[in-house]
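K.L.:
sequence first, then the predicted structure:
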Amino acid sequence: MYYGVLVMVVCDSEGVVYDLWFHPASYHEVRSLRIRYRKSKWLRFLVDSFGLVGDRGYRGCEYVEVCESKERKGIR
């Protein structure tokens with residue numbers, strides 16, 4: 001029997017980690033982020049102060065800026 005873990009990390013462009021959490025691998029990333037956002041004051045502070053940048057998989061998530069261009073993807 002195999003188990004999977006979804007690991008989510010919030011860091012800056014320098015690689016400094018500000019938040020880290022785990023969910024079962026059966027969770028979608030957006031679902032995991034929404035649960036964490038709802039339960040974590042620290043993540044809400046980070047999003048309100050700095051913002052989050054993600055790939056196209058985060059479309060529809062109101063507090064994630066989706067980067068569409070290749071130039072922008074290189075710096076996320």
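P.N.:
All right, it came through fine. Residues are numbered from 1 along each chain as shown.

K.L.:
how long is stretch 42-62 end to end?
P.N.:
End-to-end distance of stretch 42-62: 17 Å, with C-alpha to C-alpha, to the nearest Å as the criterion.

K.L.:
that stretch: which residues count as buried?
P.N.:
Neighbour-count burial for stretch 42-62, with 16 or more other C-beta atoms under 10 Å as criterion, is recorded at Leu43, Leu46, Val47, Leu52, Gly54, Tyr58, Cys61. C-beta coordinates here come from the backbone N, C-alpha and C atoms, glycine included.

K.L.:
so where's the longest helix in this protein?
P.N.:
In the chain, assigned by DSSP state H, the helix with the most residues is helix 29-39.

K.L.:
by how many degrees do the helix or strand that comes right after that helix and helix 29-39 diverge?
P.N.:
Sequence order places helix 41-49 as the next helix or strand after helix 29-39, per DSSP states H and E. Angle between the axes of helix 41-49 and helix 29-39 is 100 degrees (criterion: axes from the mean of the first three to the mean of the last three C-alpha atoms, to 10 degrees).

K.L.:
counting contacts, what elements does helix 41-49 pack onto?
P.N.:
strand 17-24, helix 29-39 (3 or more C-beta pairs under 8 Å, 6 or more residues apart in numbering; DSSP states H and E).

K.L.:
the helix or strand just after it packs against which elements?
P.N.:
Per DSSP H and E, the first helix or strand lying C-terminal to helix 41-49 is strand 52-54. Contact here means 3+ C-beta pairs under 8 Å, 6+ apart; on that basis strand 52-54 packs against strand 64-66.

K.L.:
try 10 Å
P.N.:
With contacts defined as 3 or more C-beta pairs under 10 Å, 6 or more residues apart in numbering; DSSP states H and E, the secondary structure elements packing on strand 52-54 are helix 29-39, strand 64-66.

K.L.:
quick one: low-confidence ranges for this protein?
P.N.:
Segments of the chain classed as low confidence (criterion: pLDDT under 70) are 1-2, 69-76.

K.L.:
repeat the analysis, applying 50 as the threshold.
P.N.:
In the predicted model of the chain, no residue satisfies pLDDT under 50.

K.L.:
so the longest helix of the chain versus strand 17-24, what angle?
P.N.:
Using the same axes, to 10 degrees, the interaxial angle of helix 29-39 with respect to strand 17-24 works out to 120 degrees.

K.L.:
thanks again, I'm all set now.
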